[in-house]
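K.L.:
Okay, here's the prediction I keep looking at, along with the sequence it came from:
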Amino acid sequence: MSAPSLSVPKTWDEITPEWMSAALAADFPGVAVDAVTVELRDDGTNRRARLGVTYQAGAGPATVFVKAADPAHKALIRLTSGMFHEPRLFTCGVDLPLEHPAVHTALIDEPDYDFVMVMEDLTARGADPRDGTRPYSVEQAATGVRGLARMHGRYWGERVLREPALGWLEPFLPWEGMQAAPLPAALERLGADAPAEVTSLTIEELIDSIWKPYIATLTTSPQTLLHGDPHIGNTYLLPNGEVGFLDWQVARRGNWSLDLGYFLQGALTGEDRRRSERDLLAEYRDSLGLPADELPGADEIWLRYRASVAHGLTLWLVTASAGEWQRTDVSVALAQRYSFAYADLDVSSALAEITG
């Protein structure tokens, strides 16, 4: 998967046929690329492009997806996620037993704080990327729950600490900077039916009394390998109904509840969540694959799941207030879902119990 002799390209023009031949060589031995063309660019906090590939010899993918650092957002990535977590995850050799994109090459340039990843183009498998405006059905979300459970169970407890290939993995800790968000702008966008428990919050209460206390529990309870950012916008649906997870830049170790709650509470409509969340939590527990003496109890799962709303609520209220990191319709849809979950699940009492 890795090609250590390659350098990290600084522009798309530096991805030459020779460079791409080497990048694909591990997964497609003997290929010789004839031409590389930029078919689509979609830059955000990272530079991203779909590249068309033709061949002189051998057979390889007709398109690949390339992700690289964007110099304009390096400071933001350093603050909130970490530049190298995703490429390290896909070069360290650990197994990820859930649906995710295949990575052909991942390169890191630490001195220049830069990276590049060459991945499969998921559209070739008919993948349907989702966002907050297009929630999953309960049955679709269940496949994501089972996938997260398989991964969490594989690295549960001491396993994540004993795995030599994950020695670089950092704990999930709070980051600074969100206190500057103009929260009233987001609260106004939630709508007239938004719960009073949310609309009465100040940014100080949101960060210091809700988010940070919850994040502190992630490393004082059983830990595992976390995706770290599995909101619905970092997922896709395959034609067979399986949900996959991409954008692993916030990979961390910490309590399983962050992944499970963040995914479920944003991936379902409020009605579907209320109707099915307890059954989906039972599916999660049944899919962990752990010995009986390591399985968390149903009551513990319910408690930590309730508390986990603190993360989704905070991140999407801050995102909705910023108005620039995501489309407004996407950020408001997710902020609304986490807001109703906050009221429905009595998050304040759950936080009090796990932090007390």
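P.N.:
Structure's in. What do you need? Residues are numbered from 1 along each chain as shown.

K.L.:
Just confirm residue 143 is within a helix.
P.N.:
Yes - the assignment for residue 143 is a helix, going by DSSP: H, G, I helix; E, B strand; the rest coil.

K.L.:
Based on its surroundings, how many neighbours for it?
P.N.:
Residues near residue 143, counting by other CB atoms under 10 Å, number 20. All C-beta spots, glycine's among them, are computed from the backbone N, C-alpha and C.

K.L.:
With residue 227 instead?
P.N.:
Residues near residue 227, counting by other CB under 10 Å: 28.

K.L.:
That one is in contact with residue 246, isn't it?
P.N.:
No - counting by CB atoms under 8 Å, residue 246 is not a contact partner of residue 227; they are 9.4 Å apart.

K.L.:
Check the burial of residue 42 by counting its neighbours.
P.N.:
That count, for residue 42 with other CB under 10 Å as the rule, works out to 11.

K.L.:
tell me the pLDDT at residue 76?
P.N.:
According to the prediction, residue 76 has pLDDT 65.

K.L.:
could you measure residue 144 against residue 313, distance?
P.N.:
20 Å (CB to CB, to the nearest Å).

K.L.:
For residue 227 and residue 246, list the residues in contact with both.
P.N.:
Common contacts of residue 227 and residue 246 (CB atoms under 8 Å, 6 or more residues apart in numbering): residue 234.

K.L.:
Flag the shaky bits of this protein, pLDDT-wise.
P.N.:
1-4, 44-45, 72-81, 323-325 (pLDDT under 70).

K.L.:
quick one, strands of it?
P.N.:
Assigned by DSSP state E, the chain shows strands spanning 32-41, 46-57, 63-69, 103-109, 114-120, 128-129, 224-226, 235-237, 243-245, 252-254.

K.L.:
Those into JSON lines, with extra columns for mean neighbour count and distance to residue 157?
P.N.:
Below are those laid out as JSON lines (neighbours: other CB atoms under 10 Å; distance: least, CB to CB, whole Å):
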{"stretch": "strand 32-41", "mean neighbour count": "15", "distance to residue 157": "42"}
{"stretch": "strand 46-57", "mean neighbour count": "17", "distance to residue 157": "32"}
{"stretch": "strand 63-69", "mean neighbour count": "22", "distance to residue 157": "32"}
{"stretch": "strand 103-109", "mean neighbour count": "22", "distance to residue 157": "27"}
{"stretch": "strand 114-120", "mean neighbour count": "22", "distance to residue 157": "30"}
{"stretch": "strand 128-129", "mean neighbour count": "14", "distance to residue 157": "33"}
{"stretch": "strand 224-226", "mean neighbour count": "25", "distance to residue 157": "7"}
{"stretch": "strand 235-237", "mean neighbour count": "23", "distance to residue 157": "26"}
{"stretch": "strand 243-245", "mean neighbour count": "23", "distance to residue 157": "22"}
{"stretch": "strand 252-254", "mean neighbour count": "23", "distance to residue 157": "11"}
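
K.L.:
Find the nearest non-adjacent residue to residue 128, please.
P.N.:
Setting aside the residues directly before and after it, residue 128 is nearest to residue 237 in space (CB to CB, 6 or more residues apart in numbering), at 4.5 Å.

K.L.:
Spit out the contact partners of that neighbour.
P.N.:
Residue 237 neighbours (CB under 8 Å, 6+ apart): 127, 128, 130, 136, 140, 243, 244.

K.L.:
Looking at the residues you listed, which two lie furthest apart in space?
P.N.:
Distance extremes for those: the farthest pair is 127 and 136 at 13.7 Å, using CB to CB.

K.L.:
Please say which of those two ends up with more neighbours.
P.N.:
residue 136 (23 against 20).

K.L.:
Cross-check the contact I'm expecting between the more buried one and residue 268.
P.N.:
Yes - Residue 136 is within contact range of residue 268, at 6.3 Å (criterion: CB under 8 Å).

K.L.:
any idea how far the residue nearest to residue 343 when sequence neighbours are not counted is from residue 310?
P.N.:
In space, and not counting its chain neighbours, residue 343 is closest to residue 195: 3.6 Å by CB to CB, 6+ apart. Computed as CB to CB, the residue 195 to residue 310 distance reads 15 Å.

K.L.:
Would you mind telling me which of those two has the busier surroundings?
P.N.:
Each of residue 195 and residue 310 has its neighbours counted (other CB under 10 Å); residue 310 has more, 27 against 15.

K.L.:
That one contacts residue 347, doesn't it?
P.N.:
Yes - when contacts are counted by CB under 8 Å, residue 310 is listed as touching residue 347 (6.0 Å).
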